[in-house]
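> Attaching a predicted model along with its sequence, questions to come.
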Amino acid sequence: MGKTERVVYFNGKFVNESDARISIYDSALMFGDMVFEMTRSFNKKQFKLEEHIDRLFKGLKILEINPNLDEKELLNICEKVQEINEPLFDENDEHRLMINVSRGPLGIYGGLVSGLISEPTVVVADFPLKWTVVGMSKFYKTGINCVIPSQRAIPSYLMDPKIKNRSRMWYQMANIEISKLNGENNWPLLLDTDGYIAEGTGNNFFIIKNDVIFTPEPRNILRGTRRDYIFSLAEEIGLKCIEKNIEPYDVYDADEAFVTGTPFCILPVTSFQFKSIGKGSYGEITKSLLLKWSENVGVDIEKQIKEFNLEHNLSLNASTPYQHKSHK
């Protein structure tokens with residue numbers, strides 16, 4: 001019989017997904033002390049996997065976590081995990097790798113808990129991309145309404161958001177606040193402590209004005225791999241992309257806006273604080289960027305997300321990495 005359960009790399013072994021268990025004494029649970037990356041494939045080929053791993057290792061270096069393997073070894077593990085799981089994926093689905101690394105169980109419990117080993121926790125999981133993008137296809141028609149929550153982005157002088165870590169309660173608090181507003185297309189857009197636009201809770205933000213693309217300076221944000229790719233796409237279609245401080249006023253005055261994220265690549269933002277941006281529709285330059293991206297990877301990204309939405313059988317009544325469902 002063929003394998004019926006996805007396989008996960010867990011601390012040197014390939015185990016069934018349901019058997020990958022992290023200790024309740026792990027530093028990740030105690031402190032949110034974990035660096036992570038999440039990737040996606042196009043036509044089953046991972047996109048910018050090396051860049052994801054490079055960013056992961058920068059975070060590990062800063063937090064002084066030694067994963068006991070190097071970047072090349074982790075790259076090979078990621079490729080192996082996808083290879084093992086491929087037979088369980090639909091022909092038209094894509095692979096979403098999740099890489100988690102913590103410093104492992106805390107030393108104070110070593111020797112006191114049976115079987116507890118004080119070593120780094122390294123996990124590489126693989127699951128269908130469609131799980132993450134379910135329900136997003138509607139945004140190509142309605143667009144997203146970005147709303148500023150009371151929660152501010154954590155500034156880099158307190159905890160550098162350029163380290164992609166699992167301690168993200170400020171994201172969750174913003175999600176919870178915005179989830180209480182009427183409507184289903186509201187996404188948080190955080191300000192930094194100086195009052196400038198920073199980022200979303202898992203996405204980077206862009207505006208377009210007079211055929212120039214602008215995005216917040218990279219001080220107090222996670223520098224997304226997809227954010228970086230927009231600079232290349234802009235050059236390909238003959239436009240400038242500039243990093244600058246963006247005030248809420250600039251967003252109101254924009255011609256177009258969009259967000260970027262690993263699973264969906266680009267989604268249009270058509271309103272800000274419930275007020276239309278430009279014509280209040282999916283902008284032509286935003287479309288051009290997504291079209292160029294699709295051409296480069298050989299996948300019609302918008303069409304793929306729409307098809308995933310048609311075939312999904314997942315509940316949309318629970319929280320997702322991008323939207324929090326309020327339970328009243």
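Great, that's in hand.

> buried stuff in the helix or strand where residue 80 lies?
Element membership for residue 80 (DSSP states H and E) is helix 71-85. Buried residues in helix 71-85, counted by 16 or more other C-beta atoms under 10 Å: 74-75, 77-78, 81-82, 84-85. C-beta coordinates here come from the backbone N, C-alpha and C atoms, glycine included.

> right, and the helix or strand after it?
For helix 71-85, the succeeding helix or strand toward the C-terminus, using DSSP H and E, is strand 95-102.

> Neighbouring strands - and their directions - for that next one?
Using DSSP bridges, strand 95-102 pairs in its sheet with strand 34-38 (antiparallel), strand 121-128 (antiparallel).

> any idea of the angle it forms with helix 71-85?
130 degrees (axes from the mean of the first three to the mean of the last three C-alpha atoms, to 10 degrees).

> ok, back up a step: let's have the strands paired with strand 95-102 in CSV, adding mean neighbour count, distance to residue 270 and mean pLDDT.
Formatted as CSV, the strands paired with strand 95-102 follow (neighbours: other C-beta atoms under 10 Å; distance: least, C-beta to C-beta, whole Å; pLDDT from 0 to 100):
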stretch, mean neighbour count, distance to residue 270, mean pLDDT
strand 34-38, 22, 26, 98
strand 121-128, 21, 28, 97
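
> is it possible to export the ones you listed to TSV including distance to residue 159?
Converted to TSV, the strands paired with strand 95-102 look like this (distance: least, C-beta to C-beta, whole Å):
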stretch	distance to residue 159
strand 34-38	13
strand 121-128	21
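
> what's the closest of those strands to residue 266?
Taking C-beta to C-beta, strand 34-38 is the member of these nearest to residue 266, at 16.8 Å.

> Now render the buried residues of helix 71-85 as TSV, adding pLDDT and distance to residue 61.
Below are these laid out as TSV (pLDDT from 0 to 100; distance: C-beta to C-beta, whole Å):
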residue	pLDDT	distance to residue 61
74	98	14
75	98	17
77	98	19
78	98	19
81	98	23
82	98	26
84	97	29
85	98	29
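
> now, which of those sits nearest residue 156?
Nearest to residue 156 among these, with distances taken as C-beta to C-beta, is residue 74, at 25.7 Å.

> all strands of the stretch 101-250 of the chain, in order?
For the stretch 101-250 of the chain, the strands defined by DSSP state E, counting those that start in this stretch cover 121-128, 144-147, 186-191, 197-200, 204-209, 212-215, 240-243.

> Now stretch 243-252 - C-alpha only, CSV.
What follows is stretch 243-252, C-alpha atoms only, in CSV (Å, rounded to 0.1, in the frame of the first residue of the first chain):
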residue,chain,number,x,y,z
GLU,A,243,11.2,52.7,-0.2
LYS,A,244,10.0,55.7,1.8
ASN,A,245,8.1,56.7,4.9
ILE,A,246,4.4,56.5,4.1
GLU,A,247,1.8,58.3,6.1
PRO,A,248,-1.9,57.4,6.2
TYR,A,249,-2.5,60.6,4.2
ASP,A,250,-0.4,59.1,1.3
VAL,A,251,-2.5,56.0,1.3
TYR,A,252,-5.7,58.0,1.0
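
> buried set for that stretch?
246, 248, 250-251.

> From these, which land in helices?
Among the buried residues of stretch 243-252, the residues falling in helices (DSSP state H) are 248, 250-251.

> which among the residues you listed gets closest to residue 183?
Looking across these and measuring by C-beta to C-beta, the closest to residue 183 is residue 251, at 18.0 Å.

> While we're on that closest one, how confident is the model there?
According to the prediction, residue 251 has pLDDT 98.

> what's the nearest residue to it if we skip its chain neighbours?
residue 272 (4.7 Å; C-beta to C-beta, 6 or more residues apart in numbering).

> ok, now residue 98?
Distance criterion C-beta to C-beta, 6+ apart; nearest residue to residue 98, sequence neighbours excluded, is residue 125 at 4.5 Å.

> still on that earlier bit, which of the buried residues of stretch 243-252 lies closest to residue 134?
Nearest to residue 134 among those: residue 251, at 27.6 Å, using C-beta to C-beta.

> most packed of the strands of the stretch 101-250 of the chain?
strand 197-200 (a mean of 26; mean count of other C-beta atoms under 10 Å).

> Name the strands paired with that one and say parallel or antiparallel.
strand 186-191 (antiparallel).

> As PDB, could you dump the C-alpha coordinates of the strand it pairs with?
Extracted in PDB, the C-alpha atoms of strand 186-191 (Å, rounded to 0.1, in the frame of the first residue of the first chain):
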ATOM      1  CA  ASN A 186     -10.900  44.000   6.500                       C
ATOM      2  CA  TRP A 187      -7.200  43.400   7.000                       C
ATOM      3  CA  PRO A 188      -5.100  45.200   9.600                       C
ATOM      4  CA  LEU A 189      -2.400  47.600   8.500                       C
ATOM      5  CA  LEU A 190       0.000  48.500  11.400                       C
ATOM      6  CA  LEU A 191       1.600  51.800  12.000                       C
END
